[in-house]
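J.: take this sequence and fold it.
(one chain, ligands or ions: 1)
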Amino acid sequence: MARIELLVGTVYGNAQDTAEYLQELLQAAGHQVNLDTDPQLEPLLTAPPDLLLVCTSTTGQGDLPDNIVPFFYQLKERFPLMPQQRFAVIGLGDASYDDTFGMGGKQFEELLLELQAQPAVASLTLDAASAEDPFEQTRRWSEQLLQAL
Ligand SMILES: Cc1cc2nc3c(=O)[nH]c(=O)nc-3n(C[C@H](O)[C@H](O)[C@H](O)COP(=O)(O)O)c2cc1C
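T.: Here you go, the predicted model:
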């Protein structure tokens, strides 16, 4: 069983719905998943989870939702190298935003890579403008993630 911290950045709730669905899938596979919409850096550094899972939308012009901005800047300013930390990212966006498509998730992925954390699987970007079912995409992605755990 892996201990997973699932950090959520959301404005209108899409990322929260995705994260809750993912939490159910991972819990059903026997993992312990703590979903957090107001994450703090210190407890994560004191007791690092087996997997840091970020599920965040994009707002403004490629910006992170307000609820996860403080955590992002704590991480950026303190800059704790975490070569043992595995992570995975789901980014939500809308391809009609062109240049800033999925930038919320990409900002997290880039920062975690700079901190030398290890990607467990390739990131998933969910496009609100696509006809594909985001829950089905999330379910398929979770199968890859479960194999990597
Ligand atoms: C005001 C606003 C700005 C947005 N800006 C972007 C953006 O820059 N890039 C992007 O990919 N999606 C952008 N989106 C699309 C959202 O990321 C997308 O609809 C997502 O599913 C919202 O998830 P949430 O409800 O968890 O916030 C924007 C949406 C809104 C309403």
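
J.: name the residue of the protein that lies nearest to the ligand.
T.: Here the chain gets closest to the ligand at one residue, G93, 2.3 Å apart by CB to the nearest ligand atom. Every residue, glycine included, has its C-beta placed from N, CA and C.

J.: got the contact list for the residue sitting nearest the centre point of the chain?
T.: Closest to where the C-alpha atoms of the chain average out (CA atoms, centre = their mean) is V54, at 1.5 Å. Listed by CB atoms under 8 Å, 6 or more residues apart in numbering, the contact set of V54 reads L6, L7, G9, F87, A88, V89, I90, G105, F108, L112.

J.: can you tell me the closest non-neighbouring residue to the fifth one?
T.: In this structure, A88 finds its nearest non-sequential neighbour in A120, 4.8 Å apart by CB to CB, 6 or more residues apart in numbering.

J.: circling back: a helix runs through the residue nearest to the centre of the chain, doesn't it?
T.: No. V54 is assigned strand when assessed by DSSP: H, G, I helix; E, B strand; the rest coil, not a helix.

J.: show me the helices in this structure, by range?
T.: 14-28, 41-46, 69-78, 103-114, 134-148 (DSSP state H).

J.: list the helices and strands the third one packs on?
T.: Just to be clear, that refers to helix 69-78. Where contact means 3 or more CB pairs under 8 Å, 6 or more residues apart in numbering; DSSP states H and E, helix 69-78 is packed against helix 41-46, helix 103-114.

J.: distance of the residue lying farthest from the centre of the chain relative to D17?
T.: In the chain, the greatest distance from the average C-alpha position (CA atoms, centre = their mean) is reached by A131, at 22.0 Å. When CB to CB, to the nearest Å is the yardstick, A131 and D17 sit 18 Å from each other.

J.: cool, T56 as well?
T.: On the measure of CB to CB, T56 and D17 end up 13 Å apart.
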